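J.: next come a sequence and a model predicted from it.
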Amino acid sequence: MYDGRSSVVIQIKKYPNRRYYDATNSRHVTLQELHDLIVSGKDICVTDSRNGDDITNLLLTQILLEQDEPKLDLFPSSVLHLMIRSNRQVLRSSMERFFGPFQGLLSTSQKQFDAYLRQAMQTNAASPLEWASRMMQAFTGVPPAPGQAAPQPPEPHAESLESGETLDDLREQLATLQRRVEELGAARRRKK
């Protein structure tokens, strides 16, 4: 099975009979296995076996429709209508402007978390219990036993933020977006 830790993009070929072949690991996979790969943190690139076209977005949409349909409720129907009606380039630039800051923040947070875990895994703990104590302190704030120093998470990298933006600005934008999503969800529930 896949370990979910490698940063390798898994190359998938889609055949006309709806079969998928994982060219990276030389095996056939199901749509459910592709879903599980993505959930575990893997990125996939899907090509059509007949013509070599990149159909990754098409397959990701199919996975959402067939495997994670409830997530589609996050998008108000007005947004889905807009996506269908809009010119592709206009829609792409709007989506990049809207989601860009959040994608950057998510990527930065993931890198910081990964760096912290690497640091924690390299800690010279005398025993698994000591290591677990240090990990618990990092996530809960409960200090480790006397004489044991917990690993410190890495500092945020200022160069990863947009010019002029601070982490507080991004947090405020994220909170505003969260409130808006909740308002839209509440409005949708009231309509039903």
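T.: Alright, I've got the coordinates.
J.: lowest average confidence, helix or strand, in the protein?
T.: The weakest-scoring helix or strand in the chain, judged by mean pLDDT, DSSP states H and E, is helix 128-140 (a mean of 63).
J.: so what are the domain limits for the protein?
T.: According to automatic domain parsing, the chain comprises the domains 9-74, 88-191.
J.: on that earlier part again, what's the first helix or strand after the least confident helix or strand of the chain?
T.: Elements were assigned by DSSP states H and E; along the chain past helix 128-140, the next helix or strand is helix 167-191.
J.: elements contacting that next one?
T.: Packed against helix 167-191 by the contact rule (3 or more C-beta pairs under 8 Å, 6 or more residues apart in numbering; DSSP states H and E) you find helix 88-122. Heads up, the C-betas are built off the backbone N, CA and C, glycines and all.
J.: report the angle between the helix it packs on and helix 167-191.
T.: Angle of helix 88-122 versus helix 167-191, following axes from the mean of the first three to the mean of the last three C-alpha atoms, to 10 degrees, is 120 degrees.
J.: what packs against helix 88-122?
T.: Helices and strands touching helix 88-122, by 3+ C-beta pairs under 8 Å, 6+ apart, are helix 128-140, helix 167-191.
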